[in-house]
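Asker: Fold the following, please.
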Amino acid sequence: DERLWQRRVRAVQLERHGSISSCEDEAVAALLYGPDPGHGPLRRSIANLLSKFYDSPRCAERICVTGGASQSLAAILEGYTDVRYTRRAWMVCPACHSASQIFIDAGLHGSLRAIPENGEGIDIDYLEESMREYLREQSADDQGHVKMCHAQRKFYSQVIYTVPTFSNPSGKTMSLRCRRKLVQLARQYDALVIADDVYDFLQWNINGKEATDSKGALMPRLVDIDRQLSKEPNSDGFGHAISNGTFSKIVAPGCRTGWVEATKNFITGLSKLGSRVSGGSPSQLSAAFISRLLRSGKLQRHIFQVLQPAYQSRYHIMTLSVRDHLQPLGVEMVQCDVGGISGGYFLWLRLSETLEADRVAEECRVKQNLILGSGTLFNVHGDEDIVNLSHNIRLCFSWEDENLLKEGVRRLAAAIKSLS
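Answerer: Just a heads-up that it's a prediction; the model follows:
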């Protein structure tokens, strides 16, 4: 809401003595084309941030600055997939609705396949059997390339996309067992796991304890698991999992700056995309400002002292409103915390079997002036029959004022009553 947004704005306002203009060399660098892998000080600052939060080794050479998570997803598909050779693009379903279009734009619309979620965040057995079945059916015609592969990159035969922690839209978190199994499958089938780790810092205790207890990651990232596993025989050094991060969720969407963490070989290949070599690193000016925020510690304090408590409060307000107004109408709130820790932006609800989510969403829009996400929005394009989302809806508690969160739930209840 406006008050929370004002606090974000204050957090990113640089004091005079800490402004970028106080260091001439850095100011000049910020206004020029950036180096291919990104602004060096920001790469080092991100490495420090991630090392502390994930308790992982600090290595700036594994970091590439990007124009945000969506832009980097498009760049990864551009550089590391081929429409003929990459014959399967798996997406955990329900899936982030905007990600599907990025795969389609990359020419992979015919390769998209859904992986159902379950209590562990992914039906890993379903994926394993599906990958095995695809390998049996694969023909020699699938082995060619349409694009010319850059000398410092490779094409993966399969891609797996997931938001493993506090997923969009369901809020679920993938179990450690499934994370390990997923990386093992990626290694076995020459697949690349693209993990959108964009909500990891937004976590809190659902039992009312201080949100500042949550200064360390809930789970190891898939990229860390890939790094920790023993080196593969005859490895090409590109790895099989990357972490896609963004400052959109912890600074502001307009900064359009993020990062990818992966092996050094993968980062080198990603940074050699023609658009980066020609135009320089994306978001160079924003990267310089964010680097100063990180080095000053202001952004870290903003995450732990402002964002986490604010979202914890909003989460509790909305969950209580759902219990008071929606559960008596047969609406189920999908449980998604892990050991009492929840996070992200969303609640995932299941309506009764007599109510279609599309009808409820339309009733809310027309009669209640209320926008919510119908479950069908989060299907995987071309593979909609695998997971039935026609009775699910997504609620977002990250933007509106706390009082409006309560009012929104009341309006949703009114819409459901009118359709029952």
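
Asker: Please count neighbours and contacts with C-alpha atoms only from this point.
Answerer: Noted.

Asker: gap between the nearest residue to residue 386 once chain neighbours are set aside and residue 220?
Answerer: Excluding the flanking residues, the one nearest residue 386 by CA to CA, 6 or more residues apart in numbering is residue 114, at 6.5 Å. Look at residue 114 and residue 220: by CA to CA, to the nearest Å, they are 24 Å apart.

Asker: Quick check on the two: which one has the bigger neighbour count.
Answerer: residue 114 (24 against 17; other CA atoms under 10 Å).

Asker: so what's that one up against?
Answerer: 90-93, 379-380, 383-384, 386-387 (CA atoms under 8 Å, 6 or more residues apart in numbering).

Asker: Kindly recompute the last result at 10 Å.
Answerer: Counting by CA atoms under 10 Å, 6 or more residues apart in numbering, residue 114 makes contact with 89-95, 127, 160-161, 379-387.

Asker: Quick one: end-to-end length of stretch 261-279, please.
Answerer: Terminal residues of stretch 261-279 lie 21 Å apart, using CA to CA.

Asker: buried stuff in it?
Answerer: 261-273, 276 (16 or more other CA atoms under 10 Å).

Asker: and the residue nearest to the spatial centre of the chain, backbone torsions?
Answerer: When the chain is reduced to its mean C-alpha position, the nearest residue by CA atoms, centre = their mean turns out to be residue 196, at 3.0 Å. With angles defined as degrees, to the nearest 10, residue 196 sits at phi -80, psi 100.

Asker: again with residue 290
Answerer: Phi and psi for residue 290, reported as degrees, to the nearest 10, are phi -70, psi -30.

Asker: Neighbours of residue 237, how many?
Answerer: Residue 237 has 12 nearby residues by other CA under 10 Å.

Asker: Was I right to think it contacts residue 226?
Answerer: No: Residue 237 lies out of contact with residue 226 (CA atoms under 10 Å); the separation is 11.3 Å.

Asker: list the residues that contact both of these two?
Answerer: Both residue 237 and residue 226 are in contact with residue 263, where contact means CA under 10 Å, 6+ apart.

Asker: Buried ones among the contacts of residue 114?
Answerer: 89-95, 127, 160-161, 379-381, 384, 387.

Asker: of those residues, closest to residue 146?
Answerer: Ranked by distance to residue 146 (CA to CA), the buried ones among the contacts of residue 114 are led by residue 89 at 16.7 Å.

Asker: just checking, that closest one touches residue 192?
Answerer: Yes: using CA under 10 Å, residue 89 is in contact with residue 192, at 9.5 Å.

Asker: Using CSV, list the CA coordinates for the helix or strand residue 177 falls within.
Answerer: Element membership for residue 177 (DSSP states H and E) is helix 176-188. Backbone C-alpha positions of helix 176-188 (Å, rounded to 0.1, in the frame of the first residue of the first chain) are rendered in CSV as follows:
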residue,chain,number,x,y,z
LEU,A,176,14.5,-31.1,0.3
ARG,A,177,14.0,-34.7,-0.9
CYS,A,178,12.4,-33.5,-4.1
ARG,A,179,15.0,-30.8,-4.6
ARG,A,180,17.7,-33.4,-4.5
LYS,A,181,15.9,-35.8,-6.7
LEU,A,182,15.1,-33.0,-9.2
VAL,A,183,18.8,-32.1,-9.6
GLN,A,184,19.6,-35.8,-10.0
LEU,A,185,17.0,-36.2,-12.8
ALA,A,186,18.3,-33.1,-14.5
ARG,A,187,21.8,-34.6,-14.5
GLN,A,188,20.5,-37.9,-15.8
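
Asker: Flag the shaky bits of the stretch 151-300 of the chain, pLDDT-wise.
Answerer: Scanning the stretch 151-300 of the chain for pLDDT under 70 picks out 209-214.
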